[in-house]
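Enquirer: give me a model of this one.
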Amino acid sequence: MGCRLPDSDPTAPAASSAAALELTVVVPTFNERANVRKLIRLVEATLGQTRWQVIFVDDDSPDGTAAEVKAVAAVDPRVQCLHRVGRRGLAGAVIEGIMASAAPFVAVMDGDLQHDETLLPAMLDALRTGGADLAVGSRYCGGPDADASALGARREAGSRLANWLGRQVLKADLSDPMSGFFMVRRSAVEVVAPRLSTSGFKVLFDIVASQDRPLKIVELPYTFRAREAGDSKLDNGVVVQYLGLLVAKLSKDVISPRFLMFAMVGASGVVVHLAILRSLLDIGFSWAQTLAAIGAMTSNYLINNAVTYRDRRLRGLKLISGYIKFCVLCSVPLAANVAVATVVFERGPAWWVAGLAGAVVAAAWNYVTTSKAVW
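Expert: Predicted coordinates for the structure are as follows:
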């Protein structure tokens, strides 16, 4: 897929005056203290006379990333820090950073120095002309191996699969909808901000998919650099969140990504439930069903905490207290679960039909109550 350059628009408004803030660079961070000053120097060197600012959105990094940013901000008014406490997640950080900006154009780039900051002037020029609403730094429009060396063969293959899936949903001519390096008109984000998911990490995909009208997009090639410091945000939980986001967009946001993930975890709980039930049938069906429900409830709690609510993940004593709340709330439909399953079982169907019937009864209650009270 080739890169596209925007057509010049002679009717487009002139660029902002030199006195006005023109560009905000949003950098979501977690444990990237070592990169802060270097990234600021690189941005400063590449943007020249452009009126810019950089907003670091830090998820309370234990390595003191926020403190490092604030130390720079104390002497450089172009640098700001949004220090988030009790909130986690790259997508949410990016959205908060964009919404905090007053500049007409906003760039998003990682704090691990893997994105090529020298592409920023070309991105800005593409938006200034009025020919583009969105400029994307693409790892793929410059060649098939644009980021293989930085990601490794396995992650590069996974990245390509994720991009292919994303393009099927977007129906847009975009080679890298999973890119974390892009520049966009702030107004294009603000209009869809209430519909954007704050969980997961594929915020570009969400911004493009949520638009009521197609955005004018230009892609610019760059080479993905090796990470210098910081922690990767990609893990199995993020993959599940991305799949949930795909389904949400296919459903026109009727199904929320978080509800879908909760349902997927619930499906895994059904497997746990039936496995325990089958292994304990010798002690009597009612007792076996009760223990199976408790086992599935515990499994669901731990997986939901790690995946569905990863941006609000409970740890330490809060993990224990959250489990107690979860059990109390789930115990309300537990009696109905056991009663329904027992009645179905006594009427003759297979044991797994009875167990499944009981499990379904509690599902809706559990999602509504635990999402509010536990996380």
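Enquirer: contacting residues around D311?
Expert: Contact analysis of D311 by CB atoms under 8 Å, 6 or more residues apart in numbering lists R87, R88, G89, G92, T198, S199. C-beta: built from backbone N, CA, C; applies to glycine.
Enquirer: ok, now with 6 Å
Expert: Listed by CB atoms under 6 Å, 6 or more residues apart in numbering, the contact set of D311 reads R88, G89, S199.
Enquirer: against S61, how distant is the nearest residue to it once chain neighbours are set aside?
Expert: Distance criterion CB to CB, 6 or more residues apart in numbering; nearest residue to D311, sequence neighbours excluded, is G89 at 3.6 Å. Taking CB to CB, to the nearest Å as the measure, G89 and S61 are separated by 14 Å.
Enquirer: who has more neighbours out of those two?
Expert: G89 (25 against 21; other CB atoms under 10 Å).
Enquirer: just checking, that one touches S199?
Expert: Yes - G89 is within contact range of S199, at 5.3 Å (criterion: CB atoms under 6 Å).
Enquirer: helix/strand/coil for V184?
Expert: Here V184 is recorded as strand under DSSP: H, G, I helix; E, B strand; the rest coil.
Enquirer: give me the neighbour count for it.
Expert: Other residues close to V184 by other CB under 10 Å number 24.
Enquirer: what of R33?
Expert: 20.
Enquirer: got it, and L277?
Expert: By other CB under 10 Å, neighbour count at L277 equals 26.
Enquirer: next one: R213
Expert: R213 has 8 neighbours, counted by other CB under 10 Å.
Enquirer: before we move on, what about D212?
Expert: Neighbours of D212 (other CB under 10 Å): 7.
Enquirer: also R88?
Expert: There are 18 residues near R88, going by other CB under 10 Å.
Enquirer: same thing with V25?
Expert: If we define neighbours as other CB under 10 Å, then V25 has 25 of them.
Enquirer: separation between the nearest residue to Y323 once chain neighbours are set aside and S321?
Expert: Spatially, and ignoring its direct neighbours in sequence, Y323 is nearest to Y301 (5.6 Å; CB to CB, 6+ apart). As defined by CB to CB, Y301 lies at a distance of 12 Å from S321.
Enquirer: identify the residues contacting L120.
Expert: Counted by CB under 6 Å, 6+ apart, L120 has contacts T46, A107.
Enquirer: tell me the SS of it?
Expert: Of the three states, L120 takes helix under three-state DSSP.
Enquirer: distance of it relative to D110?
Expert: Applying CB to CB to L120 and D110 gives a distance of 13 Å.
Enquirer: what's the burial count for the nearest residue to V85 once chain neighbours are set aside?
Expert: In this structure, V85 finds its nearest non-sequential neighbour in D60, 5.1 Å apart by CB to CB, 6+ apart. D60 has 13 neighbouring residues, counting by other CB under 10 Å.
Enquirer: test my guess that W52 contacts A20.
Expert: No - taking contacts as CB under 6 Å, W52 lies outside contact range of A20: 11.2 Å.
Enquirer: quick one: average confidence on stretch 124-139?
Expert: For stretch 124-139, mean pLDDT is 91.
Enquirer: ok, and for the helix or strand that contains Y301, which residues are buried?
Expert: Per DSSP states H and E, Y301 falls inside helix 285-303. Across helix 285-303, burial judged by 16 or more other CB atoms under 10 Å covers 285, 288-301, 303.
Enquirer: other SSEs contacting that helix?
Expert: Helices and strands touching helix 285-303, by 3 or more CB pairs under 6 Å, 6 or more residues apart in numbering; DSSP states H and E, are helix 257-279, helix 317-331, helix 334-346.
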